[in-house]
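K.L.:
quick one, what's the 3D model for this:
(one chain, ligands or ions: 1)
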Amino acid sequence: MINLDNRLKQCAEFVSGKGCAADVGTDHAYLAVHLITSGICKKVIACDLREGPLQIAKEHIHNEGLDGTIQTVLSDGLDNISPDGISDIIIAGMGGELIARIISRAEWVKKNKVNLILQPMTKASDLRKFLFENGFKIKREKAVKSEPFIYSVINAQYSEASVTYEDYEIYTGGLDFNSKLDREYLNIQANRLIIAGKGMLKSANKSENTISNGKEKIRLGNIILNRLKEVRKD
Ligand SMILES: C[S@@+](CC[C@H](N)C(=O)[O-])C[C@H]1O[C@@H](n2cnc3c(N)ncnc32)[C@H](O)[C@@H]1O
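P.N.:
Take a look at the predicted model:
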């Protein structure tokens, strides 16, 4: 029995289990196995870009006696995944830009309004921007601590209605300004923005572009800090 880390536990909580779930970049297949053994899903496709991790996934799935319910597929993103019956896609433990690229290459994700569970390790703001600009609504989002870091898990779905957003929301997404851990994550994001902005303003040989980018980062960071103060819970 594997003890899933908080990132993957939260991913599992956002899975609808209405049909088959695809775990993209499954690596060890811990999440895929958990989705079946916990009863969340009846069928899972565990896929990975590389043979090595997929082999480990296969062994693990076999040892758990789940060959009949978890199919393994060698695939770059969703390229080799058939859309039929897929209700959920989980893409966890990759950079935000790569996650966005994987989604953008599979138009059926929009058409079938697949439930997306996305856990970026870096560049979460780039991923949220991609989602907003491509008509995906962030339904839910939660910060999770996997010591020593805090990550965000995003639950998104394509929306027929156009998605509007404020510029600072690419850093805040669907996080809850009232929740303790979400606030901790938001505070880190805000301070990172301000530090990066100040760094840009201080840099030698700065261009007009650098100055305006630096000021913008500081402005957005302060908007988030002010919102955190408005709904102070500490
Ligand atoms: C850091 S592991 C994350 C494993 C697991 N999803 C988690 O969150 O703990 C990233 C995995 O994604 C796989 N990967 C990277 N790029 C991929 C792509 N384009 N398509 C499918 N899998 C990919 C890697 O081979 C690796 O096994």
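K.L.:
show me the contact partners of the helix or strand where residue 217 lies.
P.N.:
Residue 217 belongs to helix 208-230 when elements are defined using DSSP states H and E. Helix 208-230 is contacted from outside by 167-168, 171-172, 177, 183, 186-187, 189-194, 196-201, 203, 206, using CB atoms under 8 Å, 6 or more residues apart in numbering. Any C-beta I mention is one placed from the backbone N, CA and C, and that applies to glycine too.
K.L.:
the residue lying farthest from the centre of the chain in helix, strand or coil?
P.N.:
Most distant from the centre of the chain: residue 205, at 36.2 Å, with distances by CA atoms, centre = their mean. Using DSSP: H, G, I helix; E, B strand; the rest coil, the structure places residue 205 in coil.
K.L.:
OK, contacts around it?
P.N.:
By CB under 8 Å, 6+ apart, residue 205 has no neighbours at all.
K.L.:
make 16 the first number, not 1, from now on.
P.N.:
Will do, 16 is the new start, and the previous item becomes residue 220.
K.L.:
give me the phi and psi angles of it.
P.N.:
phi 50, psi 40 (degrees, to the nearest 10).
K.L.:
so how far is the ligand from it?
P.N.:
36 Å (CB to the nearest ligand atom, to the nearest Å).
K.L.:
do residue 100 as well
P.N.:
To the ligand, residue 100 is 20 Å away according to CB to the nearest ligand atom.
K.L.:
then residue 149?
P.N.:
18 Å.
K.L.:
what pLDDT does the closest residue to that residue other than its chain neighbours get?
P.N.:
In this structure, residue 149 finds its nearest non-sequential neighbour in residue 119, 7.1 Å apart by CB to CB, 6 or more residues apart in numbering. Here, the pLDDT recorded for residue 119 equals 98.
K.L.:
just confirm residue 119 contacts residue 148, I think it does.
P.N.:
No. Using CB atoms under 8 Å, residue 119 makes no contact with residue 148, being 10.5 Å away.
K.L.:
helices - which of the contacts of helix 223-245 land there?
P.N.:
When those are checked against helices (DSSP state H), the matches are 186-187, 198, 201-202, 204-209, 211-216.
K.L.:
following the chain onward from the host helix or strand of residue 112, which element is next?
P.N.:
Assigned by DSSP H and E, residue 112 belongs to helix 111-119. Reading on from helix 111-119 to the C-terminus, the next helix or strand found by DSSP H and E is helix 123-126.
K.L.:
hmm, back to that, buried ones only from the contacts of helix 223-245, please, as a ChimeraX command.
P.N.:
Buried residues within those, by 16 or more other CB atoms under 10 Å, are selected in ChimeraX with:
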select :183,186,187,192,198,201,204,205,208,209,212,215
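K.L.:
low-confidence regions, the protein specifically.
P.N.:
The model of the chain has pLDDT under 70 over residues 16, 248-249.
K.L.:
who in it is up against the ligand?
P.N.:
With CB under 6 Å from any ligand atom as the criterion, the chain comes near the ligand at residues 23, 39-42, 63-65, 68, 91-92, 107-109, 117.
K.L.:
just the buried subset of those residues, please.
P.N.:
23, 39-42, 63-64, 68, 92, 107-109, 117.
K.L.:
quick check: residue 196 touching residue 160?
P.N.:
Yes. Residue 196 lies in contact with residue 160 (CB under 8 Å); the separation is 6.4 Å.
K.L.:
what does the domain assignment say about this protein?
P.N.:
21-187, 195-245 (automatic domain parsing).
K.L.:
can you report how many residues lie near residue 193?
P.N.:
10 (other CB atoms under 10 Å).
K.L.:
please apply the same query to residue 95.
P.N.:
11.
K.L.:
now do the SS call for the closest residue to it other than its chain neighbours.
P.N.:
Nearest non-adjacent residue to residue 95, counting by CB to CB, 6+ apart: residue 88, 5.5 Å away. Each residue gets one of three states, and residue 88 gets strand by three-state DSSP.
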